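Engineer: sequence first, then the predicted structure:
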Amino acid sequence: MFRSVHAQLLASDFAACFRFYQDTLGLEVAHGGADGPYAQFLVSGVMLTLVDQALVTKALGTTGGRRSLSRPDEAVLVLGVDDVDGLAASLKAKGLALVSEPTDRPIWELRTAHFRDPEGRLVEINQPLER
């Protein structure tokens, strides 16, 4: 059902976080740069993604869910799937409320849907957009 998983950190100061992961920790940059709003680092074959927090907050129209309505999300668990629409429908049938319905996000080159786990953490399911 799931084809990939990666951590996505949402940064309020993207450039500082980028420099930290690249320069301080020495992670290999796989995509993107310090001017953001998106970068990927390769860590032992697993992607760690850094994204400008304002970009995600604006795209989803949310500022943090259950934890605090005034505090933006800080991380997203990202699960790659084969069928975002099918899985979203299955999750809704089980009573899960979606933060965002399946949506094409051309800039991200993905179709995504978002929901929260029982602790209020943001989870994204996605699949590549067909070209």
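Structural biologist: Happy to help now that I have it.
Engineer: quick one: contacts of the longest helix seen in the chain?
Structural biologist: The longest helix of the chain (DSSP state H) is helix 84-93. For helix 84-93, contacts defined as Cβ atoms under 8 Å, 6 or more residues apart in numbering pick out 1, 81, 98, 101, 102, 111, 112, 113, 115, 125, 126, 127. C-beta here means a position set from N, CA and C on the backbone, and glycine is covered the same way.
Engineer: residues in contact with residue 122?
Structural biologist: Counting by Cβ under 8 Å, 6+ apart, residue 122 touches 62, 65, 73, 75, 76, 77, 99, 114, 115, 116.
Engineer: and the biggest strand by length in the chain, which strands flank it?
Structural biologist: Longest strand of the chain, by residue count under DSSP state E: strand 2-11. Paired strands of strand 2-11, with direction, are strand 46-52 (parallel), strand 75-81 (antiparallel) (DSSP bridges).
Engineer: what distance separates the last one from the centre of its chain?
Structural biologist: With Cα atoms, centre = their mean, to the nearest Å as the basis, the distance from the averaged C-alpha position of strand 75-81 to the chain average is 6 Å.
Engineer: repeat for stretch 101-117
Structural biologist: 9 Å.
Engineer: and that stretch, end to end?
Structural biologist: Taking Cα to Cα, to the nearest Å, stretch 101-117 runs 16 Å from one end to the other.
Engineer: could we number from 498 for the rest of this?
Structural biologist: That works, and once the first residue is 498, the last one we named lands at stretch 598-614.
Engineer: which of the residues in the lowest-mean-pLDDT helix or strand in the chain are buried?
Structural biologist: Ranking every helix and strand in the chain by mean pLDDT, DSSP states H and E puts strand 499-508 at the bottom, with a mean of 83. Applying a neighbour-count criterion of 16 or more other Cβ atoms under 10 Å, one finds 503, 505, 507, 508 buried in strand 499-508.
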